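In: Sequence plus predicted model, see below.
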Amino acid sequence: MPKRRVSKKIVVKVTLFPPFSKETSKDETTISFKEDSTVKDLIEYLASIDDHFKTNLGKVAGEEEIRFRALIIHNDHIASLDEKVRDGDSLKFLHPLQGG
């Protein structure tokens, strides 16, 4: 009998800041996600489960288009869409003009 590869899961911490959060402040959650996923995979998943997130992000087309709508911080650096997401990683979604 051929062995099937069991899909492993990872846990990722996601922090949404306005306008992506439904609250007036940040919204934090953890998501169990499939191993070997990219930042873009995670964005598409979030858009599929959260209409508020999808409305504020718009269609995820490419790297340049997303920079106009969101600043994505992956483990304390600006993320690119093709980066791999690993177990224990942290992603933050901010408006590109937000900051401190």
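Out: Thanks, I have it.
In: Same question for stretch 39-59: list its buried residues.
Out: Buried residues in stretch 39-59, counted by 16 or more other Cβ atoms under 10 Å: 39-43, 45-47, 50, 53-54, 56-57. The way it works is simple: take the backbone N, C-alpha and C, and place the C-beta from them, glycine included.
In: What's the first helix or strand after the helix or strand of the chain with the lowest mean pLDDT?
Out: The least trusted helix or strand in the chain, going by mean pLDDT, DSSP states H and E, turns out to be helix 63-67, with a mean of 71. Later in the chain than helix 63-67, the nearest helix or strand by DSSP states H and E is strand 71-74.
In: Which strands or helices does that next one pack on?
Out: helix 39-49, strand 90-94 (3 or more Cβ pairs under 8 Å, 6 or more residues apart in numbering; DSSP states H and E).
In: which outside residues touch it?
Out: 39, 43, 66, 78-79, 83, 85, 89-96, 98-99 (Cβ atoms under 8 Å, 6 or more residues apart in numbering).
In: Quickly run through the sheet partners of it, with directions.
Out: Based on DSSP bridges, the pairing partners of strand 71-74 within the sheet are strand 77-78 (antiparallel), strand 90-94 (antiparallel).
In: Next, the angle from the last one to helix 39-49.
Out: So that's strand 90-94. Comparing the axes of strand 90-94 and helix 39-49 via axes from the mean of the first three to the mean of the last three Cα atoms, to 10 degrees yields an angle of 60 degrees.
In: Output strand 90-94 as CSV - backbone C-alpha positions only.
Out: Extracted in CSV, the C-alpha atoms of strand 90-94 (Å, rounded to 0.1, in the frame of the first residue of the first chain):
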residue,chain,number,x,y,z
SER,A,90,3.4,36.1,13.5
LEU,A,91,1.7,38.2,10.8
LYS,A,92,0.3,41.7,11.2
PHE,A,93,-2.0,43.5,8.8
LEU,A,94,-1.9,47.3,8.9
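In: Buried residues of that strand, list them for me.
Out: Buried, per 16+ other Cβ under 10 Å, within strand 90-94: 91-94.
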